[in-house]
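Q: give the three-dimensional model of this entry:
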Amino acid sequence: MSRLPDRPPDVVAHWRSTGARPGHLHADLVEALAEAFRCQGPRAGLASVDSAWNKHLITREEVDAVFARLPRRFRRLRALADRSAEAGSETFVRLMLRSLGARFETQVRIAGVGRVDFLVDGWLIVECDSRAHHSSWEEQLRDRRRDRVAAELGYATLRLVAEDILYRPDAVQRALAGVLRGGRRRRRREASGEVSTSVLLAEAPGCTTPAEAAVSPRRSALE
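A: You can find the predicted model right below:
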């Protein structure tokens with residue numbers, strides 16, 4: 001204990017073998033990311049790897065090296081790492097959509113709208129908003145106008161808050177499941193000719209998003 005430097009109370013000391021040279025007080029990034037998996041759990045661990053990869057702090061080979069350091073049970077998650085995630089919240093939502101069996105694309109450009117975080121099932125735009133880029137009135141206006149243009153093109157938009165994504169993931173996943181279930185049910189009814197356009201509009205007057213539905217999402221290996 002006498003050889004350890006002082007550290008804040010929220011810093012955890014790891015008593016594991018390290019590749020750092022004797023006397024060094026920090027590990028390299030590959031080792032640190034591997035330890036993040038052990039401490040944070042799979043979803044947050046993947047978010048850390050995605051962020052480092054997106055910011056060009058590690059290479060594809062170093063991503064492989066992170067998973068090579070982990071116990072075998074984690075290695076099958078290597079295929080889920082994705083450098084397109086620009087924030088940890090996007091990694092969380094991507095994994096939620098995958099567990100729900102949704103078809104989605106990331107960082108999609110839509111003419112007239114711009115780049116969106118996710119396009120799900122070809123009709124639902126999902127955006128992951130944070131205080132850093134969406135708090136001012138000017139930014140709010142920009143977002144609402146983008147949503148209006150998207151609606152004109154036939155897209156529905158669901159805006160999720162990063163705080164909810166990271167700290168209330170179950171509620172966010174239920175919301176995603178409800179929107180997707182409602183959209184699929186509506187498309188089936190339209191395809192069968194059961195519902196006319198006037199009836200669809202009457203179901204949710206003045207609304208631009210499907211009604212909420214409580215759904216128990218399928219459990220995944222990441223939970």
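
Q: stretch 55-73 - what's its average pLDDT?
A: Averaged over stretch 55-73, pLDDT sits at 95.

Q: pull the number of nearby residues for Glu61.
A: 8 (other C-beta atoms under 10 Å). C-beta coordinates here come from the backbone N, C-alpha and C atoms, glycine included.

Q: surely it forms part of a helix?
A: Yes. Assessed by DSSP: H, G, I helix; E, B strand; the rest coil, Glu61 belongs to a helix.

Q: kindly provide the distance from it to Pro22.
A: 26 Å (C-beta to C-beta, to the nearest Å).

Q: for Ser99, same thing?
A: Taking C-beta to C-beta, one finds Ser99 at 43 Å from Pro22.

Q: more crowded one of these two?
A: Each of Ser99 and Pro22 has its neighbours counted (other C-beta under 10 Å); Ser99 has more, 18 against 5.

Q: now the more buried one. Its backbone dihedrals?
A: Ser99 adopts backbone torsions of phi -70, psi -20, taken as degrees, to the nearest 10.

Q: and the gap between it and Pro169?
A: Taking C-beta to C-beta, one finds Ser99 at 11 Å from Pro169.

Q: give me the secondary structure label for the nearest residue to Gln107 once chain neighbours are set aside.
A: Spatial nearest neighbour of Gln107, chain neighbours left out: Ser84 (5.0 Å); criterion: C-beta to C-beta, 6 or more residues apart in numbering. The assignment at Ser84 comes out as coil when based on three-state DSSP.

Q: thought Ser84 was touching Thr91?
A: No. Using C-beta atoms under 8 Å, Ser84 is not in contact with Thr91, being 9.7 Å away.

Q: more neighbours: the two, which one.
A: Between Ser84 and Thr91, counting by other C-beta under 10 Å, Thr91 is the more crowded of the two (27 against 14).

Q: list the contacts of the more buried one.
A: Arg43, Leu46, Ala47, Asp50, Ser51, Asp82, Ala85 (C-beta atoms under 8 Å, 6 or more residues apart in numbering).

Q: neighbours of Ser17, just the number please.
A: Around Ser17 there are 7 residues (other C-beta under 10 Å).

Q: pLDDT (mean, whole number) over the helix or strand harbouring Ala191?
A: Using DSSP states H and E, the element containing Ala191 is helix 169-192. For helix 169-192, mean pLDDT rounds to 88.
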